[in-house]
Structures are given as C-alpha cells and as structure tokens.
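Novice: sharing a model prediction with you, sequence too.
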Amino acid sequence: MDQNDSGYISKEIEDGNAAKSLSRREMLASIGIAGTALFAGGAFLASPFSEAAVADGVYGNKKENPDMPSKLFAEHCRYATISELRNGTNPSETTVYFVSDPGQEGFFVYDSADTTTSDNTGTVIVSASGARFKRIVQGELNAKWFGAAGDSATDDTAAIQSALDTGQPVLLPAGTYKVTDTLRLKENGQMIRGAGRFRTVIQNTANAKPLLHFGDLTDSAATGYALSCTARDFSLEGNPSTVEGLALLGILDDVATWGSASRACLLEGIRITGIGSGPALRVSAWTPTVIGCEFWNSKQGIKIGNHVYAGRFIGNYISGHEAEGITCSVQAANSAALLFSGNVIQWCGSPSGMIVLSGGSAWTFLNTYIEKPNVGCGAVWALSNQCTTVTIDGVHYGTAKGEIAIDVVSTNIKLCSVRNVQVFGNVRSAVKITGILPLTSIDGVRQPSGTASVALIDDQSDRKQTFINNSPLNIEMGAAKIKCVPSYNAITAVDTATGQTHWFLKNGREYFGADTNAPSLGADGQSLAVYKGARMGPLKVDSLMLGTDNKGIFHGSGSPEGVVTAPVGSLFLRADGSPGSTLYVKESGVGNTGWAAK
C-alpha cells in the first residue's frame, strides 16, 4: 500500500504502477464518450444485487479487454476505505475515490463547495479536515451503505433511519434487520423496499414501539407528514408488547398541527406479524392503497382511523389475530368510501365479530373468503351505529365440523346491502337484523344442500324496511324469520304502477287493503278468523267446503236437485225460496240428487 500525493491511500494497480492524478478534462477524455455518458448516468454505482466490477459496463469483461483494469483505475480512480477517507488530508477534486468496504462499495468525489452537510456514511463522508465526499449515485440507496448489517444481531435502527433521512428511495437487501425504535418515512414520495417479504425482515424484539410510520410523530411542524410514499416487499415482525406494526399517520389521530396527512400512500407485498398489543396496520390518512399484503398473528389486523377516504384494500391475507381482522369505530363522516376486494379473513374475531364496524360509511366488501372464526366470536360482519351504508357482495363462508354457529352478517345500521352470499356449514343465520334503524336489502343468499341453519335471514328489528329477493324455499335457502312490531308493517305488497297497497302483514294479520281498517285474516286460538277492522268480520265466498270429504255450504237460486253436486251432509241456501224451501239438505246419493227441502 502506498500513500498517494493527495494524502489518500491507494492500492497498486495490476501492472504495478502507482495511480496518478489527472484533471477532470483528462479523466473524461480518457474514459471516452461512452464512459462519460455512463459515468454521468450513474453507471459506476455499485449494484446492490451484483458484485461484478461496474467498469465492465464501460470497457467490457476483463477477459475480453485485459488492459481494462489498469486503463480505468490507474488513470482515474483511487481505492480507499471509509476510514481512510475520514482520516485523510488534501483531497483532490480531480480524483474519483472508490470505497472498498464490503457491502458499502461505491464511487465518491470530493465536493469543495460543501462545508455543512453531515456525515451519514452512505452518501456523504466527512473527513477530519472537513472535506465532504459525495457518493455518485442514481436511483435507490442501499441501507447497507449507511452501516446496516441485516444480521439479526446488530441494532440497525440508526443506519436505516440515516438512509431514510436522505429522502431518497431506500433498498433493504436480504437479511434480518434488528431495530429498537420506530423507523420513519419523512419525505413526500419516498419509497422503502426489500428483496422480498420472506428475504428482508425488519424486527423489533426489544420494546413496544411501532416498527414503521409514514410521517414523523415527533415533528409538530405543518410538514411532518409524508404523502405519496411507498413500502413494498419486506416483513415487519413485532413482539407481544408492540403497540402497532405500520401506520399511515394523520391529523385527527396523530398530529393536529400538520397541514395534511400521510395520504395517497401505497403498501404492496408487505408482511406484518407478531404485533401483540395493537393492530398490524393502522390507517389514519386518506386514499391509501394496500395490495397483496399479509397481516398475521397480531392483536388486530387492520384498524381504520379518522380521515380515511377512498381507500383500496385488495388481495390481502388477514389471519391469526386475537381480536378483529378489520375494525373501525370513528364517526361515519370521518371514514368513507373504502373498498375491500378479494381478501381472505380467517382465524380471528372478538366476541363482537371478525369485521367490526361501529363507525365509517359507504364501505364495500367484494369477493371475500371467510373461514374459521375464533372461539366465542359472534359474527363475521358486526355492523352497528354509527356505521352506515355498507355493501357486502360475493361472500364464501365455510365452517368446519364442530365449529360454533355464528351470524355471517349481524346488522342494526341504516342502509346495509347483502348480495351473493354462499354458506357452507352450520351458521346461526346468514343475515340477522336487529335494532330500530335498519334499512336492509338482501339478494342471493344461498346455503347448499346438506348443510343446516336455523334461518338464513332472521329479521328481529324494529325496522323501517327490509327487502328480500332470494331463491325459493328448499332450493339452497333456509327459512326466513321476520319479526313484526306494532309500529311497522312486516311485509307490504305495492302495485308499482299505481302505488296502491294491495296487502300487508302486521301484528299477525294479513290485511287486504291500504290500512288496518281493511279486511284481514288472523289466528283466533287454533282457528283462522276473519276481521273487519278491529272486530270479527264477514266472510264472503261463493261456497264453503268443510272437512276432508268436502261437505259444503252452497247458495243460489232455484232448487239444487239435479243441479248441485255435493257429498251427503251438505247444505244449500236458496235465495228465492219460500217457507219450507229456503234450506236444502243433501240426504242421499253421490251426485246432484238426494236434496230435501226443509
């Protein structure tokens, strides 16, 4: 090893000649047009996924061009370690320094105009004399450049945060990165990504702190949020005391002084597990997109907070949670227009349900696969005030033999629409409606043959209206139970052309008309009674047949003899009869003869 004339250590080149300094003009001229273009475009950046010499991209492989190493490095570069740069003196602006520390390789140049930027190891190295060396980089930054080890033992919190503090995209190569504090994305549009959810793991086994925040809780300035950020392709692993895994921070739930929230952010291919004291994911900012993620073995899966609007949660796997898979308890107006599509939800559920919404509005669930609720879970969807306007469309719910029967949808909210639900196994009901608020529509709830339930549709509400459009009985549909209360009709049939009410059910009677003064049928003990208003009323029929042999009571003009066919014991009331011929009794015969006047 020789000390070069600029005071920095350099390695001898293959031909044995010591490296020489040259002007930037000479350096660029020597590299050539192609080399200059590649140099300007970042071709000399050490690839995080390859250890091949980046000079191959300029001069070709060494076997093809044996003079390449000496020609490039001897004329244009100096080898140095990070320590040597920090301890060296007399830096040269005409030299490119190649840092050779394993995992941190890359090209640096001296910036004489900069006297303030702090040393972060990865992109800026500051010498003892105050010289700033800047990494030549285009694209994402490798967290290992900043000192992250990814060996599951070294505390990598500061190194990763230093990379994130640059505001540039950050790569976490394969490895397990131990952290002891919350990592924070602070710059709008920033991205952090790994090498795959099972290859890159961020892990906190030490304390209860959240693992990753979009936005900075410690920054009360109006700009403390981080909008349009992205996280993809890595895992977050917590411990029994961890209070939350990943959070998109907002104004109402987090920092009231912010001018906006960490909105329009994207999570893709993220796996979060082991968050023992809170949700794997908390969202408190609008327009989030969560695609192809996994949320495992935590207190809760996804918690929706305030100011969450127009969000998309697509193709996610939510499993193994102590309580709810999805939950929201904010005011209806503070969380609206959310879409959950193509998600799997299993092995979770509190006593209330697997998906518990007591807040939010205009939520849509499409193509949801549900199975295996926790023991003691009351329902899949538990919808209660102040939640409103929920659409559930396309559900497969299956239970295994011996599992407790629960309600698939339990609702007491305004405007709930349930469509295209198929139930395999034992349930308490597919849709149970309670409370005083519900306006519910149900269409296409089915239960394939061979399974059993008490009632697929069980309406026990003091409701405003329930609409049911379903398969006929005994064709993959169980019974429907509908409770009637004094204030409301149970079922009403209205002529859509005229708006006239033809009949309705209320208080155990079937009314044939528009109000309770209309004629009605109802039970009187073990008998069927006819009513007119509140009192027993007349029954007007052409004839009345009694018993299994159809003994009848008939009426008309003229004698029934030879005219009216009836069994023996029947009666005929003659409208134009005279004394002794107004009542006839069928005393004999099997046809229309045998009538005797009385």
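Specialist: Nice, I can see it. Numbers count the residues shown, from 1 in each chain.
Novice: which SS class is Thr516?
Specialist: coil (DSSP: H, G, I helix; E, B strand; the rest coil).
Novice: what count of nearby residues applies to it?
Specialist: 15 (other C-beta atoms under 10 Å). The way it works is simple: take the backbone N, C-alpha and C, and place the C-beta from them, glycine included.
Novice: surely it touches Gly533?
Specialist: Yes: if you go by C-beta atoms under 8 Å, Thr516 and Gly533 touch, sitting 7.1 Å apart.
Novice: just the mean pLDDT for the longest strand seen in the chain, thanks.
Specialist: Under DSSP state E, the strand in the chain containing the largest number of residues is strand 361-373. For strand 361-373, mean pLDDT rounds to 97.
Novice: now do stretch 108-128
Specialist: Throughout stretch 108-128, pLDDT has a mean value of 97.
Novice: only the buried residues of that stretch, if you could.
Specialist: Across stretch 108-128, burial judged by 16 or more other C-beta atoms under 10 Å covers Phe108, Val109, Tyr110, Asp119, Asn120, Thr121, Gly122, Thr123, Val124, Ile125, Val126, Ser127.
Novice: among these, which are in strands?
Specialist: Residues of the buried residues of stretch 108-128 located in strands (DSSP E): Phe108, Val109, Tyr110, Val124, Ile125, Val126.
Novice: may I see these organised as CSV, with distance to Gly569 added?
Specialist: Shown next, in CSV, are these (distance: C-beta to C-beta, whole Å):
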residue, distance to Gly569
Phe108, 115
Val109, 117
Tyr110, 121
Val124, 111
Ile125, 115
Val126, 116
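Novice: quickly name whichever of these is closest to Leu171.
Specialist: Nearest to Leu171 among these: Val124, at 17.8 Å, using C-beta to C-beta.
Novice: for the helix or strand where Val421 lies, buried residues please.
Specialist: Using DSSP states H and E, Val421 sits in strand 416-424. Buried residues in strand 416-424, counted by 16+ other C-beta under 10 Å: Cys416, Ser417, Val418, Arg419, Val421, Gln422, Val423.
Novice: could I get the CA-only coordinates of that strand as CSV?
Specialist: What follows is strand 416-424, C-alpha atoms only, in CSV (Å, rounded to 0.1, in the frame of the first residue of the first chain):
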residue,chain,number,x,y,z
CYS,A,416,-77.0,-2.4,4.5
SER,A,417,-77.0,-4.4,1.3
VAL,A,418,-76.1,-8.1,1.3
ARG,A,419,-75.8,-9.9,-2.0
ASN,A,420,-74.4,-13.2,-3.4
VAL,A,421,-73.5,-15.0,-0.1
GLN,A,422,-72.9,-18.7,0.0
VAL,A,423,-72.7,-20.5,3.3
PHE,A,424,-71.1,-23.9,3.8
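Novice: where exactly do the helices run in the stretch 1-150 of the chain?
Specialist: Taking DSSP state H, counting those that start in this stretch as the criterion, the stretch 1-150 of the chain contains helices spanning 24-40, 56-59, 68-76, 82-87.
Novice: spit out the contact partners of Ser557.
Specialist: Ser557 sits next to Arg574, Ala575, Asp576 when contact means C-beta atoms under 8 Å, 6 or more residues apart in numbering.
Novice: what does Gly130 give?
Specialist: Thr115.
Novice: recalculate using a threshold of 6 Å.
Specialist: The contact partners of Gly130, by C-beta atoms under 6 Å, 6 or more residues apart in numbering, come to none.
Novice: ok, the buried residues of stretch 108-128 vs Asp101, which is closest?
Specialist: Of these, the one sitting nearest to Asp101 (C-beta to C-beta) turns out to be Thr121, at 9.5 Å.
Novice: about what we covered before: just send the buried residues of stretch 108-128 back as a markdown table, with distance to Ser241 too.
Specialist: Formatted as a markdown table, the buried residues of stretch 108-128 follow (distance: C-beta to C-beta, whole Å):
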| residue | distance to Ser241 |
| --- | --- |
| Phe108 | 42 |
| Val109 | 46 |
| Tyr110 | 47 |
| Asp119 | 34 |
| Asn120 | 31 |
| Thr121 | 31 |
| Gly122 | 31 |
| Thr123 | 35 |
| Val124 | 36 |
| Ile125 | 38 |
| Val126 | 38 |
| Ser127 | 42 |
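Novice: returning to what we had before: filter the contacts of Ser557 to the buried ones?
Specialist: Arg574.
Novice: in a markdown table: the contacts of Ser557, plus pLDDT and secondary structure.
Specialist: As requested, the contacts of Ser557 are exported to a markdown table (pLDDT from 0 to 100; DSSP: H, G, I helix; E, B strand; the rest coil):
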| residue | pLDDT | secondary structure |
| --- | --- | --- |
| Arg574 | 94 | strand |
| Ala575 | 93 | coil |
| Asp576 | 93 | coil |
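Novice: re earlier: now, among the buried residues of stretch 108-128, which is nearest to Ile318?
Specialist: Gly122 (35.7 Å).
Novice: how close does that closest one sit to Asp165?
Specialist: From Gly122 over to Asp165 the distance is 10 Å, taken as C-beta to C-beta, to the nearest Å.
Novice: for the stretch 301-450 of the chain, which segments count as strands?
Specialist: Taking DSSP state E, counting those that start in this stretch, the strands of the stretch 301-450 of the chain run over residues 308-309, 312-314, 317-319, 326-328, 335-341, 344-348, 355-357, 361-373, 379-383, 388-398, 407-411, 416-424, 429-433, 439-446.
Novice: quick one: strands adjacent to the first one?
Specialist: Partner strands for strand 308-309, per DSSP bridges, with pairing direction: strand 335-341 (parallel).
Novice: residue closest to the middle of the protein?
Specialist: Phe313 (3.7 Å; C-alpha atoms, centre = their mean).
Novice: residues in contact with it?
Specialist: Neighbour list for Phe313: Val290, Phe340 [criterion: C-beta under 6 Å, 6+ apart].
Novice: in the sheet, who's paired with it?
Specialist: Val290, Phe340.
Novice: could you measure from it over to Gly325?
Specialist: Counting by C-beta to C-beta, the gap from Phe313 to Gly325 is 11 Å.
Novice: one more: Gly147?
Specialist: Counting by C-beta to C-beta - Gly147 and Gly325 are separated by 38 Å.
Novice: more crowded one of the two?
Specialist: Per other C-beta under 10 Å, whichever of Gly147 and Gly325 has more neighbours is Gly325, with 31 against 20.
Novice: can you read off the pLDDT for that one?
Specialist: pLDDT, Gly325: 98.
Novice: got the phi/psi numbers for it?
Specialist: Main-chain torsions, Gly325, degrees, to the nearest 10: phi -80, psi -40.
Novice: of the buried residues of strand 416-424, which is the nearest to Gly499?
Specialist: Nearest to Gly499, judged by C-beta to C-beta, of the buried residues of strand 416-424 is Ser417 at 23.8 Å.
Novice: what pairs with that closest one across the strands?
Specialist: Bridge pairing for Ser417 - DSSP bridges - gives Thr391, Ser441.
Novice: the one 4 residues further on now?
Specialist: Taking DSSP bridges as the rule, Val421 bridges to Val395, Val445.
Novice: so it touches Val395, yeah?
Specialist: Yes: between Val421 and Val395 there is a contact under C-beta atoms under 6 Å: 4.4 Å.
Novice: which intervals of the chain have sub-threshold pLDDT?
Specialist: 1-75, 401, 449-455, 463-464, 470-491, 496 (pLDDT under 70).
Novice: how's it carved up into domains?
Specialist: Each domain of the chain is listed here as a residue range: 2-135, 140-322, 325-337+349-482, 484-538, 544-597, per automatic domain parsing.
Novice: adding distance to Asn343, write the ones you listed out as CSV.
Specialist: Listed next are those as CSV, based on distance: least, C-beta to C-beta, whole Å:
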stretch, distance to Asn343
domain 2-135, 32
domain 140-322, 5
domain 325-337+349-482, 6
domain 484-538, 35
domain 544-597, 57
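Novice: most packed of those domains?
Specialist: With neighbours taken as mean count of other C-beta atoms under 10 Å, the domains of the chain reach their highest mean count in domain 140-322, at a mean of 21.
Novice: quick one: terminal-to-terminal distance for that domain?
Specialist: 37 Å (C-alpha to C-alpha, to the nearest Å).
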